[in-house]
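Trainee: Would you be able to build a 3D model of this:
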Amino acid sequence: MNVKITALVVVLTFASVLCLAADISGTVYNSATKEPLPGATVVIQGTTIGSVTDEDGRYIIKNIAIGTYILEASSLGFEKLSKEVELAMTGNVVANFTLIERAEQLGEIVVRGK
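Mentor: All right, here's what the predicted structure looks like:
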């Protein structure tokens, strides 16, 4: 009888832990072209947890504990954008980003021939 109770407690504990996690997904877009932006990075601020967008600009960050987070989306040649998201027990969250292109001023290049 004790084995059955112990097994039940283990199963219920495992199930409750699974219910306390959710996924964050979405798409990152280029503001100028309105097209998906492949290769952009989306991370949870202050952590190394994140994802890189696929060729369709989509990302997914799986099994994140319930709570409030700040996501940061960035890509080379674009301004970084932050967005607050709240993961609740109601399910997964979709957070889309539209990044604005940033003009980069490069230093002078001098070529000398002999």
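
Trainee: Could you list everything the residue minimising distance to the centre of the chain pairs with in the sheet?
Mentor: The chain has Val42 as the residue nearest its centroid, 3.9 Å off, counting by CA atoms, centre = their mean. Beta-bridge pairing of Val42 under DSSP bridges involves Ser51, Ala73.

Trainee: Numbering from 419 from now on, please.
Mentor: Okay, residue one is now 419; in that scheme the one you just asked about reads as Val460.

Trainee: correct me, but it touches Ser493?
Mentor: No. Look at Val460 against Ser493 with CB atoms under 8 Å: they stay out of range, at 9.7 Å. To be clear about C-beta, it is placed using only N, CA and C from the backbone, and glycine gets the same treatment.

Trainee: Now do the shared contacts for those two.
Mentor: Listed as contacting both Val460 and Ser493 by CB atoms under 8 Å, 6 or more residues apart in numbering are Val446.

Trainee: Report the contact partners of the residue nearest to the centre of the chain.
Mentor: Contact partners of Val460, counting by CB under 8 Å, 6+ apart, are 444, 446, 468-471, 477, 479, 489-491, 515.

Trainee: can you rerun that using 6 Å?
Mentor: Contacts for Val460 (CB atoms under 6 Å, 6 or more residues apart in numbering) come out as 468-469, 477, 489, 491.

Trainee: Tabulate those (JSON lines), appending neighbour count.
Mentor: Output for the contacts of Val460, formatted as JSON lines (neighbours: other CB atoms under 10 Å):
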{"residue": "Gly468", "neighbour count": "17"}
{"residue": "Ser469", "neighbour count": "18"}
{"residue": "Tyr477", "neighbour count": "24"}
{"residue": "Leu489", "neighbour count": "21"}
{"residue": "Ala491", "neighbour count": "26"}
